[in-house]
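Asks: Predicted structure and sequence below. I'll ask about it afterward.
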Amino acid sequence: MKVIRMDSKLACSEHAADIIVHEIKHNHKAVLGLATGSTVEDLYDCLIKKTQHDNIDWSGISSFNLDEYVGLKENEYDQSYRYFMDSKLFDHVNINKSNTNFPIKVNDKAEANQSFANYDELIKNAGGIDIQVLGIGNNGHIAFNEPGSSIDSLTRCVQLTPSTIKANSRFFAKEEDVPKLAISMGLKSILNAKKLILLAFGENKREALNKLINAKSFDPNWPCTCLYNHKDLIIITDLK
Ligand code: F6R
């Protein structure tokens, strides 16, 4: 595990973008694992700027997003993670949209006990994820792997905890509108990635980040600790 502490969120995002751009330049068929949320907004901005500046070709790149809400209403499409990725990144680079994958399409129905493990098969068939971008929840969740998640978990339907629903309500008109279910890559799916870049910004993330940095084993109460012995984890943070 490598921990890089920088002065600002922007400096951290620039650094993460440089790593991703380097990968894309050297591997035209790179497979990216992508996250949504406020943490990655500057990263995607930086990627767009560097793409324009260096004329970077995304045409051979494919992507797999970590998660997607289940049960958004038609008029809530702009809350979907597909919409987030299109508007914040995909619409601004020449990635082939048919190579951008989500564990569920926005209008599809899902049952809590339904398996989505074929998403992991799809990732495997694409050659595996070269770089996985991660944020972290205040409660230590990674993707939507909430406390109690198994280290062997694959992509599946998950229930969001009250604390995640509360944290994500800032993007919705009211807390009741936040979906209660999502399809999320599992901890094992994430650990399969060749390289992980985890970004963590602001005091709210300090406790979870410290649990990961100090972890000596996996603690299911803090799902982020599953990453402690990944062979290529880079943590980039503005926390000193
Ligand atoms: C989103 C995701 C989540 C977020 C986490 C932090 O795809 O996987 O785990 O990374 O909830 O969210 P923000 O960045 O909004 O603080």
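Replies: Yes, it's here. Numbering: from 1, shown residues only.
Asks: Let me know the pLDDT of the residue nearest the centre of the chain.
Replies: The residue lying closest to the centre of the chain (CA atoms, centre = their mean) is Ala35, at 2.3 Å. We have a pLDDT of 98 for Ala35.
Asks: got it, and the one 3 residues further on?
Replies: The confidence metric pLDDT takes the value 96 at Ser38.
Asks: let's have the chain start at 21 instead
Replies: New numbering, starting at 21: the last item is Ser58.
Asks: Tell me the spacing between it and the ligand.
Replies: Separation of Ser58 from the ligand (CB to the nearest ligand atom, to the nearest Å): 4 Å. Heads up, the C-betas are built off the backbone N, CA and C, glycines and all.
Asks: show me the contacts for that residue.
Replies: Counting by CB atoms under 8 Å, 6 or more residues apart in numbering, Ser58 makes contact with nothing.
Asks: and the chain, which of its residues are near the ligand?
Replies: Proximity of the chain to the ligand (CB under 6 Å from any ligand atom) is limited to residues 55-59, 86-87, 155-157, 161-163.
Asks: got a list of what the residue nearest to the centre of the chain touches?
Replies: Taking CB under 8 Å, 6+ apart as the test, what Ala55 contacts is 85-86, 153-155, 163.
Asks: same check, this time on Asn159
Replies: 166-167, 181, 183-184, 228, 242.
Asks: Now the buried members of those residues.
Replies: Buried by 16 or more other CB atoms under 10 Å: 166-167, 181, 184, 228, 242, out of these.
Asks: coming back round to it: could you dump the contacts of Asn159 into CSV with secondary structure and pLDDT added?
Replies: Listed next are these as CSV, based on DSSP: H, G, I helix; E, B strand; the rest coil; pLDDT from 0 to 100:
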residue, secondary structure, pLDDT
Glu166, coil, 95
Pro167, coil, 96
Thr181, coil, 91
Ser183, helix, 89
Thr184, helix, 89
Ala228, helix, 98
Trp242, coil, 98
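Asks: just those residues now: which is nearest the ligand?
Replies: Of all the contacts of Asn159, the ligand sits closest to Thr184, with 6.7 Å by CB to the nearest ligand atom.
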